[in-house]
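Q: Structure of the sequence below:
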Amino acid sequence: MPSVNVSFPAALTSPEPPVVLDCEAGTVAEALRAAVAQAPRYAQRIFFHDRLLVSVVLNGRHLAPAAALMTTLMAGDRVEVMPPVAGG
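A: Numbering: from 1, shown residues only. Presented below is the predicted three-dimensional model:
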């Protein structure tokens with residue numbers, strides 16, 4: 001499986017600093033599950049049951065929510081987890 005980085009920004013890790021985890025994963029879903037396995041304290045901020053609560057950015061490109069978890073990864077990819085944003 002490819003080695004990828006999963007990045008959690010301070011908005012998700014607060015009061016701790018941002019976190020970057022190295023994971024072995026073939027898809028975004030596998031990468032997020034591997035990251036949560038390493039840092040279980042963030043699981044409830046990423047998933048609600050099997051539903052994704054965050055946006056996913058792959059190598060600087062925002063992924064559509066419907067396809068994000070199934071997106072295939074390559075070695076060296078960077079998966080960034082972005083918190084939901086709301087307002088008006």
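Q: Buried ones in the biggest helix by length in the chain, by neighbour count?
A: As assigned by DSSP state H, the longest helix anywhere in the chain is helix 28-38. Under the neighbour-count criterion of 16 or more other CB atoms under 10 Å, helix 28-38 has 28-36 buried. In short, each C-beta sits where N, CA and C put it, glycine included.
Q: Okay, helices next: where are they in this structure?
A: Under DSSP H, the chain gives helices at 10-13, 28-38, 43-46, 65-68.
Q: Return the member of these having the minimum mean pLDDT.
A: Comparing mean pLDDT across the helices of the chain, the weakest is helix 65-68, with a mean of 89.
Q: The longest helix of the chain packs against which elements?
A: Under the contact definition 3 or more CB pairs under 8 Å, 6 or more residues apart in numbering; DSSP states H and E, helix 28-38 sits against strand 3-8, strand 19-24, helix 43-46, strand 55-58, strand 78-82.
Q: How far off centre is that helix?
A: 7 Å (CA atoms, centre = their mean, to the nearest Å).
Q: for stretch 48-61, same thing?
A: Distance, centroid of stretch 48-61 to centroid of chain: 5 Å (CA atoms, centre = their mean).
Q: Can you report how many residues neighbour Leu21?
A: 18 (other CB atoms under 10 Å).
Q: ok, it - contacts?
A: By CB atoms under 8 Å, 6 or more residues apart in numbering, Leu21 lies in contact with 5-8, 34-35, 38-39.
Q: do that again at 7 Å, thanks
A: 6, 35, 38-39 (CB atoms under 7 Å, 6 or more residues apart in numbering).
Q: and of these, the nearest to Leu58?
A: Closest approach to Leu58 among these (CB to CB): Val6, at 10.6 Å.
Q: how much space between the residue nearest to that closest one when sequence neighbours are not counted and Pro17?
A: Leaving aside its sequence neighbours, Val6 sits nearest to Ala35 (CB to CB, 6 or more residues apart in numbering; 4.0 Å). Note on Ala35: its distance to Pro17, by CB to CB, to the nearest Å, is 16 Å.
Q: same thing with Met74?
A: For Met74, the distance to Pro17 - CB to CB - is 28 Å.
Q: what are the bridge partners for the residue nearest to Val57 when sequence neighbours are not counted, then?
A: In this structure, Val57 finds its nearest non-sequential neighbour in Glu80, 4.1 Å apart by CB to CB, 6+ apart. Residues in a beta bridge with Glu80, per DSSP bridges, are Ser7, Val57.
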